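S.K.: Predicted model and sequence below, questions to follow.
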Amino acid sequence: MYFPASQIKTNLYTNGGEFIKKDSKENYIGSYWKTSSNKFYTGKTPDDLVIDELEQNLPPTDDNLNSDAYTYTNINSSSSKDYQKLNKSFSTPLLLPSSFNPKPSTEDYNIGEFTRYFSKKTNELIYTEISKDTYDKLITQDPSYLFHLYIPFKYSWRLTGSKEDVYFTNKKVTEYMSKTFNLPMLHKFLKEDYIKFYI
């Protein structure tokens, strides 16, 4: 595959969630390159031996987005069953991150903040708020979980202070997380409730 150097940008990298392979529709993590016509391919350069075309994993628009699309907690879902059928080594059904409703403690309110834990499906805009225990299991790649399909993340959530300060602090941190770690529409999942847990 040949392209003039002026028409390509090489040695790019994605951490996942940004592209899927055009043929298999699987999430892609790794090196890629792009053309001036905004086509994307696996590998560092067009000289790589194996090259697959990529498609951008675009988020849905606000018009067709609803909060129900963000919760994924059914262990018997068809996608998890399909994944397990593909991997013959699974002797028992593996776990998916289950939804968790945190409750800040008195100590958390004394400190003024606490940590919230989440997961995002690698190739879909599906977020779930999870417990610290589930987060730890995903981070350590606990074999009882389908950790391959999820990106765990966490961040501090302000609890006390003036209502305005709490709102803007949590809003700014959410925006930072979304931009820095490629977590599109995170604010929609949170319903922009930046004073949740505030007293």
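M.R.: All right, it came through fine.

S.K.: Torsion angles phi and psi at the residue nearest in space to the middle of the chain?
M.R.: With distances taken as CA atoms, centre = their mean, residue 120 lies nearest the centre of the chain, 3.3 Å away. The phi/psi pair for residue 120 (degrees, to the nearest 10) reads phi -130, psi 130.

S.K.: Return the residues in contact with it.
M.R.: 17, 126, 127, 150, 151, 153, 183 (CB atoms under 8 Å, 6 or more residues apart in numbering). Bear in mind the C-beta positions are built from the backbone N, C-alpha and C, glycine included.

S.K.: Check residue 130 too.
M.R.: 97, 98, 99, 100, 117, 118, 119, 138, 152.

S.K.: Next step: the residues you listed restricted to helices.
M.R.: Using DSSP state H, residue 138 are the members of the contacts of residue 130 that sit in helices.

S.K.: what's the distance between the residue nearest to the centre of the chain and residue 198?
M.R.: Separation of residue 120 from residue 198 (CB to CB, to the nearest Å): 25 Å.

S.K.: Kindly report the same for residue 157.
M.R.: 10 Å.

S.K.: So for those two, which sits in the more crowded spot?
M.R.: For the pair residue 157 and residue 198, the greater number of neighbours falls to residue 157 (22 against 18), based on other CB atoms under 10 Å.

S.K.: Grab the nearest non-local neighbour of the more buried one.
M.R.: Leaving aside its chain neighbours, residue 157 sits nearest to residue 116 (4.8 Å; criterion: CB to CB, 6 or more residues apart in numbering).
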